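Q: build me a structure from this.
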Amino acid sequence: MSEWISVEDRFPELREVYKGSPLESCTVLIFTGNWVTIGSYKETYKKRHRRWIDSTQRGVNVTHWMPLPDPPERTK
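A: I've put the predicted structure just below:
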């Protein structure tokens with residue numbers, strides 16, 4: 001598993017939300033200083049602002065983030 005990355009060091013790499021989308025986002029684990037949850041680092045409309053949101057779509061102040069682990073392999 002990856003190590004926590006400070007937002008002072010770097011941000012996640014953004015990807016298209018869907019093919020041809022003008023918006024970009026990246027879903028990661030986030031730490032706010034109080035709790036850990038799944039969240040997203042995303043670009044707002046027209047690429048004017050970037051922000052962090054939690055799984056309930058609320059804006060949050062994030063101190064650290066971590067890439068999500070790879071999904072488990074399928075077994076037959």
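Q: flag the shaky bits of the chain, pLDDT-wise.
A: In the predicted model of the chain, residues 1-2, 16-23, 44-48 satisfy pLDDT under 70.
Q: residue ranges for the helices of it, please.
A: Counting by DSSP state H, one finds no helices in the chain.
Q: just the strands in it please.
A: 5-6, 15-16, 24-31, 36-43, 50-54, 64-67 (DSSP state E).
Q: next, format the ones you listed as TSV and append mean neighbour count.
A: Heads up, the C-betas are built off the backbone N, CA and C, glycines and all. TSV is the format used below for the strands of the chain (neighbours: other C-beta atoms under 10 Å):
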stretch	mean neighbour count
strand 5-6	14
strand 15-16	11
strand 24-31	18
strand 36-43	17
strand 50-54	16
strand 64-67	18
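Q: JSON lines please, covering these and showing distance to Glu73.
A: Shown next, in JSON lines, are those (distance: least, C-beta to C-beta, whole Å):
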{"stretch": "strand 5-6", "distance to Glu73": "26"}
{"stretch": "strand 15-16", "distance to Glu73": "23"}
{"stretch": "strand 24-31", "distance to Glu73": "20"}
{"stretch": "strand 36-43", "distance to Glu73": "21"}
{"stretch": "strand 50-54", "distance to Glu73": "29"}
{"stretch": "strand 64-67", "distance to Glu73": "18"}
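Q: now do the contacts for Phe31.
A: Counting by C-beta atoms under 8 Å, 6 or more residues apart in numbering, Phe31 touches Trp4, Val62, Thr63, His64, Trp65, Met66.
Q: and what of Trp52?
A: Trp52 makes contact with Ile30, Gly39, Ser40, Tyr41, Lys42, Gly59, Val60, Asn61, Val62 under the criterion C-beta under 8 Å, 6+ apart.
Q: in contact with the fourth one, which residues?
A: Listed by C-beta under 8 Å, 6+ apart, the contact set of Tyr41 reads Phe11, Pro12, Leu14, Ser25, Cys26, Val28, Arg50, Arg51, Trp52, Val62, Trp65.
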